[in-house]
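Enquirer: Fold the following, please.
(one chain, ligands or ions: 1)
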Amino acid sequence: MSIKGLIDDLVSANHILFKEGVVDGFGHVSTRDERSPERFLLARSIAPATVRARDVMEFGMDGEPLSPRGRKPYLERYIHSEIYRARPDVISVVHSHSPALIPFGITGTSLKPVFHMSGFLGAAPPIFEIREAGGPATDMLIRDRKLGAALARSLGPASFALMRGHGAVAVGGTLKQAVYRAIYAEVNARLQSEAMRLGTVNYLNDQEAANAARTIDGVIERPWELWKKRVEE
Ligand SMILES: [Zn+2]
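Expert: Numbers count the residues shown, from 1 in each chain. Okay, the predicted model is just below:
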């Protein structure tokens with residue numbers, strides 16, 4: 001893909017994540033620069049719904065923009081840089097505060113896949129506890145490389161991690177996969193909360209989750225085209 005195509009997809013991803021209720025005024029999505037895997041693309045510090053191509057900046061693996069030209073980066077850009085450093089297989093990262101997920105980071109009730117669309121959640125996603133790396137008095141934000149590295153360690157090899165009292169990260173081997181996972185983690189959280197009110201939940205088992213995730217990965221273009229159409233209207 002051309003760099004223009006990549007930036008256009010990143011702009012679409014920003015708008016899609018807003019439209020689908022994953023990000024609001026906050027949250028962000030990045031993708032590695034496929035010309036140079038030691039760099040990644042992320043918008044300047046603005047609301048995702050308002051991102052345009054000229055707002056996209058290139059960052060190094062230290063989390064700093066290469067040519068900011070007066071554009072201010074997101075405070076939490078180290079989420080992206082440290083996950084890319086720790087995970088060569090990750091091509092895209094979404095960070096959100098999507099509301100239905102928050103209870104699962106703070107109650108001890110595990111987020112688990114309730115349907116085939118969220119098999120990527122696996123047995124139960126890890127939960128990042130910022131107090132372990134940052135002590136008892138942080139502002140909860142990933143504002144430096146040390147906290148970013150601690151978050152990446154919590155994520156480990158997983159596709160998704162909750163951040164206690166803050167939000168979540170979804171990662172993918174493509175931009176579309178990371179966006180898909182961010183959207184369906186939120187959907188799963190809504191459905192799981194609803195199901196738990198109704199009775200005992202019969203979750204996907206590990207094998208069902210893994211198999212369903214593999215099948216869905218093969219058809220990920222389909223929802224992407226739909227989501228893109230919705231934001232273009
Ligand atoms: Zn955040």
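
Enquirer: how far away is the nearest residue to E82 once chain neighbours are set aside from P65?
Expert: For E82, ignoring the flanking residues on the chain, the nearest one in space by C-beta to C-beta, 6 or more residues apart in numbering is G148 at 3.2 Å. Any C-beta I mention is one placed from the backbone N, CA and C, and that applies to glycine too. Relative to P65, G148 is positioned 15 Å away (C-beta to C-beta, to the nearest Å).

Enquirer: Between the two, which is the more surrounded one?
Expert: Neighbour comparison, G148 and P65: the larger count goes to G148, with 24 against 16 (by other C-beta atoms under 10 Å).

Enquirer: Hmm, I79 and that one touching each other?
Expert: Yes. Contact status for G148 versus I79: in contact at 5.6 Å, counting by C-beta atoms under 8 Å.

Enquirer: Quickly list what's touching both of those two.
Expert: I142 (C-beta atoms under 8 Å, 6 or more residues apart in numbering).

Enquirer: Just read off the phi/psi values of the spatially most central residue of the chain.
Expert: Nearest to the mean C-alpha position of the chain, by C-alpha atoms, centre = their mean, lies V94 at 2.4 Å. Dihedral pair for V94: phi -120, psi 130, per degrees, to the nearest 10.

Enquirer: tell me the contacts of the residue nearest to E82?
Expert: Counting by C-beta under 8 Å, 6+ apart, G148 touches 63, 78-83, 142.

Enquirer: For F160, state which of those residues is nearest.
Expert: Ranked by distance to F160 (C-beta to C-beta), the contacts of G148 are led by I83 at 11.7 Å.

Enquirer: Show me what stretch 223-230 is in contact with.
Expert: By C-beta under 8 Å, 6+ apart, the residues outside stretch 223-230 that reach it are 12, 16, 19-20, 176, 179-180, 183.

Enquirer: A43 in helix, strand or coil?
Expert: Secondary structure, DSSP: H, G, I helix; E, B strand; the rest coil: A43 is strand.

Enquirer: OK, contacts around it?
Expert: A43 neighbours (C-beta under 8 Å, 6+ apart): 10, 14, 28, 51, 55-57, 74.

Enquirer: most neighbours, which of those?
Expert: Most surrounded of the contacts of A43: other C-beta under 10 Å gives N14, at 28 neighbours.

Enquirer: Please state the backbone phi and psi of that residue?
Expert: phi -60, psi -50.

Enquirer: name the element Q192 belongs to?
Expert: helix 175-198 (DSSP states H and E).

Enquirer: what comes up buried for that helix?
Expert: If you call a residue buried by 16 or more other C-beta atoms under 10 Å, then helix 175-198 has these buried ones: 175-189, 191-193.
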